[in-house]
Every structure is written in structure tokens, then in C-alpha cells.
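*Asks:* how would this look folded up:
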Amino acid sequence: MNRWMIALVASFSVATSGALALGLVLFPMQSSAQEAVRSFPERALRGTLVVQTAPEVLLDGAPARLSPGARIHDVNNLLVLPAPLAGRELTVNYLRDPQGLVHEVWILNAAEAAQKRAGASSGRNFLFASEADTAPRDDGKTPYHQLPGFPAR
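*Replies:* Numbering: from 1, shown residues only. Down below sits the predicted model:
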């Protein structure tokens, strides 16, 4: 009565090992995750991240915050907590949420860091309150015809 079970198990193990070998031939695994290049969203930006005390981080030297539920992916695409990364300077791709908080971060390996990607723009379209009452400086040496003016109507 047990002979058919032994034959079934033996045939199953032969079939699965054959399927596994065929899968390894058709889909070879990467020798290491360091060589793999992940695909990132088009709007992801490149930067340098230094985790201070979570959620406080420095992004390209400027203070920023991680969003609640922020995800940090390491070079193997595994999620990591910010605490073990504290104080380390990391080259990353990142996304911000609509409030401007850093929401998703990918720590880059050497192959990914070699790819070109846009960084965050340093321009802004607003003035802080402390800058609003500062008058533009004029050294008095600019010729009149080179001064900025309003367009003619």
C-alpha cells in the first residue's frame, strides 16, 4: 500500500529538480546584486543622503524630513530602517510626496550611481519673510542703459 506513495514522491522530486534546472538555464540568476541595475521612476531624483535622527535627514546638504511610512531600499532592494544608516553619506535616488517630504529612497550601488540622473533643482519661486524686506543692492557702477526695466507696452 505504501509503494505507490514512494513512487509518487520519487517522481515528484525528479520533476521538480528538472524544472528547477530548466529554470536556472532559462533565467540565470545574477551573480551578485551589486551588478544588477534596477529601474527607477522617471521622476526620481539623484542626491546624497545623510540620516541624522530619523525622520531628520540631510539631502544634498540641506535639511529634509522623511515622510511617515517612508521606504528606504538598500542595494539588494530590501527595506531598511533609517537608524542603522545614521551618519553615513549615501548616494541615492529619491521621491518626494506632495507635501515635499522624502517618501521613497533607493541606496545605489556603483553601477546605478554611474548612470546619469537629474538632481534636485536649487531654484525656488518664493521669498522667505526674512528676505522680503531686503532691498536689491546696487553698487552704483552699472550704466543706465544696462539696468533692468519694465517692458514697453
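*Asks:* Quick one: residues contacting Gln99.
*Replies:* Contact analysis of Gln99 by C-beta atoms under 8 Å, 6 or more residues apart in numbering lists Ser67. Glycine gets a C-beta too; all of them are placed from N, C-alpha and C.
*Asks:* need the helices for the protein, in chain order.
*Replies:* Listed in chain order, the helices of the chain (DSSP state H) span 3-26, 110-114, 129-132.
*Asks:* Need the mean per-residue confidence for the second one.
*Replies:* For helix 110-114, the mean pLDDT works out to 90.
*Asks:* Ok, stretch 58-78 next?
*Replies:* Stretch 58-78 carries an average pLDDT of 93.
*Asks:* now the end-to-end length of it.
*Replies:* Stretch 58-78 has its terminal residues 22 Å apart, counting by C-alpha to C-alpha, to the nearest Å.
*Asks:* Buried residues of it, list them for me.
*Replies:* By neighbour count on 16 or more other C-beta atoms under 10 Å, the buried set for stretch 58-78 is Leu59, Ala64, Leu66, Ser67, Ala70, Ile72, His73, Asp74, Val75.
*Asks:* right, and out of those residues, which lies closest to Ala113?
*Replies:* Among these, Val75 lies closest to Ala113 (C-beta to C-beta), at 10.1 Å.
*Asks:* Confirm for me that that closest one is in contact with Ala110.
*Replies:* No - between Val75 and Ala110 there is no contact under C-beta atoms under 8 Å: 9.1 Å.
*Asks:* quick one: strands adjacent to the lengthiest strand in the chain?
*Replies:* Using DSSP state E to define each element, the chain has its longest strand at strand 62-73. Using DSSP bridges, strand 62-73 pairs in its sheet with strand 56-59 (antiparallel), strand 79-80 (antiparallel), strand 102-107 (parallel).
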